[in-house]
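S.K.: Sequence below, structure please.
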Amino acid sequence: MDAIEIFFTAYGALLALAVAKLLSNVARIAQARDNVRIGWSTPLFMLLLLLDICSLINNGGRVFGLADLSLRLVTNGVITASLYYLLATLTAPDDLSKTPDLDDYYDRHRPLLIGGMALGSILGFEVNAVLIRGFSETLEARWMGLNAALMLAFYLLIAVLLFVRNRAVNRVALAILNAIFVVVLFTF
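M.R.: Numbering: from 1, shown residues only. All right, here's what the predicted structure looks like:
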């Protein structure tokens with residue numbers, strides 16, 4: 001096993017823990033469904049986070065195979081994967097009996113959840129690409145054509161989620177982001 005394989009195994013394990021924590025929260029919410037109003041915002045965010053983690057794993061498999069391992073790359077990867085684990089942990093309250101409405105929980109924690117996901121996406125996609133390929137090659141590869149339109153839509157919708165407090169607008173933005181991930185999943 002070379003250094004890249006060891007790193008990607010650890011990176012993948014951290015992201016797998018994030019998925020496990022996210023699914024654990026889904027199971028806890030499902031068990032408490034008689035006592036908790038689940039709503040739309042939390043499930044849509046959970047799906048979005050799951051799709052984003054899958055995208056990060058897919059991107060890592062492609063990008064890290066091209067990389068010479070450096071401390072900067074390892075540090076960025078560990079920080080990114082750890083951030084996603086933290087976000088997965090925060091998708092649902094520890095004590096569901098104290099939070100009878102998950103839409104209210106999402107609304108209170110939205111800036112942290114969405115801001116953390118935005119930071120994770122920037123670190124996991126943009127910074128990793130720059131560390132591996134350099135700025136100009138990353139700009140050319142990621143920010144041209146259809147990919148640029150999808151990235152711009154992603155970051156604009158993230159900005160909407162960060163700054164618009166209207167619950168209906170947030171639900172629509174979350175649904176559109178999930179749809180973009182599904183389109184990308186079946187297109188690329």
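S.K.: Spatially nearest residue to S55, not counting backbone neighbours?
M.R.: Counting by CB to CB, 6 or more residues apart in numbering, the nearest residue to S55 once its immediate chain neighbours are dropped is F181, at 6.6 Å. The C-beta positions use only the backbone N, C-alpha and C, and glycine is treated the same way.
S.K.: quick one: the helices in this structure?
M.R.: Chain-ordered helices for the chain, with DSSP state H as the definition, fall at 3-31, 41-63, 71-90, 102-121, 128-133, 135-142, 145-163, 167-187.
S.K.: what residues are up against the residue nearest to S55?
M.R.: Taking CB atoms under 8 Å, 6 or more residues apart in numbering, we find F181 in contact with L48, L51, D52, S55.
S.K.: residues making contact with stretch 87-103?
M.R.: Stretch 87-103 is contacted by residues 18-19, 21-22, 25, 28-29, 32, 35-43, 45-46, 49, 53, 105, 109, 112-113, 116-117, 120, 167 when judged by CB under 8 Å, 6+ apart.
S.K.: and which of the contacts of F181 is nearest to F8?
M.R.: Distances from F8 to the contacts of F181, taken as CB to CB, are shortest for S55 (15.6 Å).
S.K.: Tell me how far that closest one lies from I6.
M.R.: Taken as CB to CB, to the nearest Å, the spacing of S55 relative to I6 amounts to 23 Å.
S.K.: what does G77 give?
M.R.: Using CB to CB, one obtains 12 Å as the distance from G77 to I6.
S.K.: Would you mind telling me which of those two has more residues around it?
M.R.: Counted by other CB atoms under 10 Å, G77 and I6 do not tie: G77 has more neighbours, with 27 against 12.
S.K.: what's the nearest residue to the more buried one if we skip its chain neighbours?
M.R.: The shortest distance from G77 to any non-neighbouring residue, by CB to CB, 6+ apart, is to Y11 (4.8 Å).
S.K.: what sits against that neighbour?
M.R.: Remark: with contacts taken as CB under 8 Å, 6+ apart, Y11 is in contact with G60, F64, G77, V78, A81.
S.K.: would you list these in TSV and tack on pLDDT and distance to V130?
M.R.: Converted to TSV, the contacts of Y11 look like this (pLDDT from 0 to 100; distance: CB to CB, whole Å):
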residue	pLDDT	distance to V130
G60	75	15
F64	67	14
G77	86	13
V78	88	17
A81	93	18
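S.K.: tell me, how many neighbours does M151 end up with?
M.R.: The local packing count at M151 equals 17, with neighbours defined by other CB under 10 Å.
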